[in-house]
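> below is the sequence, then the predicted model.
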Amino acid sequence: MIIDVFAHVLPPKFLAKMQTIEPEILDYFPYMKNPLLTDLTQHLASLPAGHQQIISAVNLNPEDFVDPEQAAQLCQAANAEIATMVQANRASFPAGVAMLPMNNIPAALQLIETQVVGSHDLVGVQLFTQALGKPITDPAYAPIFEKLAAVGVPIWLHPVFDTAKTDNNITFSWEYELTQAMNGIVAAKYFRQYPGLKIIVHHAGAMVPFFSQRIKYIQSAENYADFKKFYVDTAILGNPQALDLALNFFGSEHVLFGTDSPFGIPPVGPTAVIEQAVQRMSITETQKQQIFSGNWQRLMALQAD
């Protein structure tokens, strides 16, 4: 079995609620019009045999559109909807990832406690590189990192555009934003403040593996060691040599199979291409199995402890 730890959905009831708030909301995010996000029948049919997905919502974040109380209500309902999708399709979706209202930190902490801690349906929380125009390492968001570390719940770190920039593009901007967020997390010493912190970074850790020697010689030895504490996925649309680089830096136990499906390669996503790339990596068969499922199982076992 191959477990994709970073696959996306757009819960249809949640989308309908967001469309009552902003009827043209999908026009702001044309890539979210992909029917595989909302049509569960099509989504399941697109899943290759022998594959499972850990599902997380696309970056349609309530705090960008509504007040703190309504954002909390929308996230709570969306999380319940994702949990129901998991429960009804456990053979395909072993687990899901929760949303948080980033304009309502007390409610976010409560949702972690009530919807994620101890749950077999929602086993983590998705955060983005920025929230409300501030970096995810803004002190306002520190209580979320502290809480998740304390309860042993992983973070899925996903990029978003920095809206202050005028030259954003889907090819490179997200990789830069991920790298900056990782650097910010390390600079804030979160791994040292919160020893139980676990963060799965999208897109194979972005620029970090390629520029790891710049980190080694420009930053402190403590920072260099902290960069290695991130977990990363394989969602770079192939390229086994780049995946080798990621594994060499982060270690064979910190790389998990992830695709960003259904995005990247039409019509059903890049799963086949990324699986082939992992198979072509210059690593042992044991390490490949770690990537495909073993590291996910180990991470969940650590959470259970």
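Nice, thanks for sending it over.

> not counting sequence-adjacent ones, nearest residue to D260?
A235 (4.2 Å; Cβ to Cβ, 6 or more residues apart in numbering). Placement of C-beta: from N, CA and C, glycine included.

> for the stretch 151-300 of the chain, what spans make up the strands?
Along the stretch 151-300 of the chain, the stretches classed as strands by DSSP state E, counting those that start in this stretch are 155-158, 199-201, 231-232.

> so which of the ones you listed is the most packed in?
strand 231-232 (a mean of 27; mean count of other Cβ atoms under 10 Å).

> F227 is in contact with V186, correct?
Yes - at 5.7 Å, V186 counts as touching F227 under the criterion of Cβ atoms under 8 Å.

> quick check on V58: phi, psi?
With angles defined as degrees, to the nearest 10, V58 sits at phi -70, psi 170.

> which residues touch it?
Taking Cβ atoms under 8 Å, 6 or more residues apart in numbering, we find V58 in contact with 8-10, 29, 32, 37.

> now with 6 Å?
8, 10, 32 (Cβ atoms under 6 Å, 6 or more residues apart in numbering).

> what do you get for I199?
155, 157, 230.

> now pLDDT and distance to I3 too, for those residues, in a markdown table please.
Shown next, in a markdown table, are these (pLDDT from 0 to 100; distance: Cβ to Cβ, whole Å):
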| residue | pLDDT | distance to I3 |
| --- | --- | --- |
| I155 | 98 | 18 |
| L157 | 98 | 18 |
| F230 | 98 | 19 |
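
> dump the residues you listed to TSV, plus distance to S46.
Below are the contacts of I199 laid out as TSV (distance: Cβ to Cβ, whole Å):
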residue	distance to S46
I155	27
L157	25
F230	29
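
> picking up where we left off before, next, count neighbours for the residue nearest to D260.
A total of 24 residues lie near A235 under the criterion other Cβ atoms under 10 Å.

> likewise for G124?
By the measure other Cβ under 10 Å, the count of residues near G124 is 26.

> in its sheet, what does the helix or strand containing it sit against?
Per DSSP states H and E, G124 falls inside strand 122-128. Strand pairing for strand 122-128, using DSSP bridges, gives strand 95-98 (parallel), strand 155-158 (parallel).

> nearest to A149, of those strands?
strand 155-158 (9.1 Å; Cβ to Cβ).

> quick check: of the contacts of V58, which lies closest to I215?
Taking Cβ to Cβ as the measure, I215 lies nearest H8 of the contacts of V58, at 29.3 Å.

> residues contacting the closest one?
V58.

> doesn't it belong to a strand?
Yes - using DSSP: H, G, I helix; E, B strand; the rest coil, the assignment for H8 is a strand.

> the residue nearest to D260 is in contact with H203, isn't it?
Yes - here A235 reaches H203: they are 5.4 Å apart, a contact under Cβ atoms under 6 Å.

> follow-up on the earlier one: nearest to K216, out of the strands of the stretch 151-300 of the chain?
strand 231-232 (17.6 Å).

> residues of stretch 104-118 that come out buried?
When neighbours are counted by 16 or more other Cβ atoms under 10 Å, the buried residues of stretch 104-118 are found to be 104-105, 107-109, 111-112, 115-116.

> point to the residue nearest the middle of the chain.
W156 (3.2 Å; Cα atoms, centre = their mean).

> so who does that residue touch?
Shown in contact with W156 (Cβ under 6 Å, 6+ apart): 56, 97, 124, 126, 200.

> same list (the residues you listed) but as CSV, adding distance to T271 and pLDDT.
What follows is the contacts of W156, written out as CSV (distance: Cβ to Cβ, whole Å; pLDDT from 0 to 100):
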residue, distance to T271, pLDDT
S56, 16, 98
V97, 18, 98
G124, 20, 98
Q126, 20, 98
I200, 17, 98
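
> out of those, flag the one nearest to S261.
Nearest to S261 among those, with distances taken as Cβ to Cβ, is S56, at 11.0 Å.

> what is the burial count for that closest one?
Neighbours of S56 (other Cβ under 10 Å): 24.
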